[in-house]
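**Q** next come a sequence and a model predicted from it.
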Amino acid sequence: MAQQGKVLVVGASRGIGLAVVQAFSAQNWDVTATYRSEIPAAGHVAKSDWHRLDMTQPQAVNAFAAQLGEQRFDLILINAGIFGPSHQKLAQSEDDELAQLFLTNAVAPVRTAEVLLPLLSDEKGVLAFTSSTLSSLNENPDAEMPIYSASKAALNMLTRTLAGEVEAQRGTLLTLHPGWVKTDMGGESAPLTAEESAAGIIQQLNTWRGRGGHHFVDYAGHTLQW
Ligand code: NDP
């Protein structure tokens, strides 16, 4: 099978990110991926170029971009995220854990994308972030899981600051909802497997190539309200 293109996935050691990497590799994409703590088992990483990266460390992000050199990526997916305190109650949360949540889910992904944006191909490039329907007042009017949801709302707004630069590079900006997915974060009750979510995410990344603009869509292609 001919080489399909180059994709970079940030936050791919497990869950949805790992499933995306595996599916792209199976479709003969040239895959670069990052892990924070542990690189996945050998069978999972074959054919992919793995780099260690904690997105919340700006120096590490700069060093990672330098390692990538002059490469250009057709697709960049910033997928990493955390859930924050499991109780999701503001009053019971420590400032440190709130700061870590907003840093990890909102500030670091966009800072990382700012550093990586020069590596986005200027031929139909897509820069995408894994967000959630929970981030939206329209989709989540009762503020379920409010702390996590607020961090993803912040991600969406900060993502918009990249729209001008992405447009100047003739690229497309995507804010993605992966579905409710069986992962360490999503839990066992979730209806979707990581593989099903990944297949949908990959379809969306390909579908939106060359269209321009900033869109909020789910893994099945539905447009979501901000
Ligand atoms: P997991 O908890 O299974 O995996 C999270 C991934 O993010 C891991 O690879 C983790 O690395 C990485 N990560 C966390 N913090 C950092 C960091 N500071 N730097 C780099 N990598 C980091 O989550 P999911 O696969 O379920 O979720 C993936 C994305 O999808 C997240 O953004 C999540 O918010 C979002 N999402 C998930 C839903 C679900 O139902 N599962 C629903 C809606 C959105 P490490 O292994 O080192 O911890």
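**A** Structure's in. What do you need? Numbers count the residues shown, from 1 in each chain.
**Q** residue 212: which element?
**A** Under the criterion DSSP states H and E, no helix or strand holds residue 212.
**Q** wait, it sits on residue 170?
**A** Yes: between residue 212 and residue 170 there is a contact at 7.1 Å, judged by Cβ atoms under 8 Å. (Glycine included, C-beta is placed from N, CA and C.)
**Q** joint contacts of these two?
**A** The contact sets of residue 212 and residue 170 do not overlap (Cβ atoms under 8 Å, 6 or more residues apart in numbering).
**Q** where do the helices sit along the protein?
**A** Secondary structure of the chain (DSSP state H): helices located at 15-26, 42-45, 58-68, 95-102, 108-116, 146-160, 163-168, 194-207.
**Q** residue with max distance from the center of the protein?
**A** residue 91 (28.7 Å; Cα atoms, centre = their mean).
**Q** follow-up on the earlier one: tell me which of the helices of the chain lies nearest to the ligand.
**A** Nearest of those to the ligand, taken as Cβ to the nearest ligand atom: helix 15-26 at 2.2 Å.
**Q** can you list the buried residues in the closest one?
**A** Within helix 15-26, the residues that qualify as buried are 15-25, counting by 16 or more other Cβ atoms under 10 Å.
**Q** flag every residue of the chain that's near the ligand.
**A** Contact residues (Cβ under 6 Å from any ligand atom) of the chain with the ligand: 11-17, 35-37, 53-56, 79-82, 104, 130, 132, 178, 180-181, 183-186, 190.
**Q** how much space separates the spatially closest residue to residue 2 that is not a sequence neighbour from residue 4?
**A** Closest residue in space to residue 2, ignoring its immediate chain neighbours: residue 28 at 7.1 Å, by Cβ to Cβ, 6 or more residues apart in numbering. Going from residue 28 to residue 4 by Cβ to Cβ, to the nearest Å gives 5 Å.
**Q** next one: residue 132
**A** 28 Å.
**Q** tell me which of those two has more neighbours.
**A** residue 132 (26 against 13; other Cβ atoms under 10 Å).
**Q** mind checking how far that one is from residue 52?
**A** Counting by Cβ to Cβ - residue 132 and residue 52 are separated by 26 Å.
**Q** what do you get for residue 38?
**A** 9 Å.
**Q** okay, the two: which has more neighbours?
**A** Taking neighbours as other Cβ under 10 Å, residue 38 and residue 52 compare with residue 52 leading, 14 against 9.
**Q** what bridges to that one?
**A** According to DSSP bridges, the partner residues bridging residue 52 are residue 35.
**Q** repeat that for residue 75.
**A** The partner residues for residue 75, given DSSP bridges, come to residue 7, residue 126.
**Q** test my guess that it contacts residue 119.
**A** No: with contact defined as Cβ under 8 Å, residue 75 does not count as touching residue 119 (11.2 Å).
**Q** which intervals of this structure have sub-threshold pLDDT?
**A** 1, 42-44 (pLDDT under 70).
**Q** center of it - which residue?
**A** residue 79 (2.1 Å).
**Q** is that one in contact with residue 13, as I believe?
**A** No: using Cβ under 8 Å, residue 79 makes no contact with residue 13, being 10.3 Å away.
**Q** joint contacts of the two?
**A** In contact with both residue 79 and residue 13: no residue, using Cβ under 8 Å, 6+ apart.
**Q** re the thing from before, got the phi and psi for the residue nearest to the centre of the chain?
**A** phi -110, psi -20 (degrees, to the nearest 10).
**Q** quick one: contacts for the residue lying closest to residue 105 once chain neighbours are set aside?
**A** Excluding the flanking residues, the one nearest residue 105 by Cβ to Cβ, 6+ apart is residue 151, at 3.8 Å. Shown in contact with residue 151 (Cβ under 8 Å, 6+ apart): 84, 101-102, 104-106.
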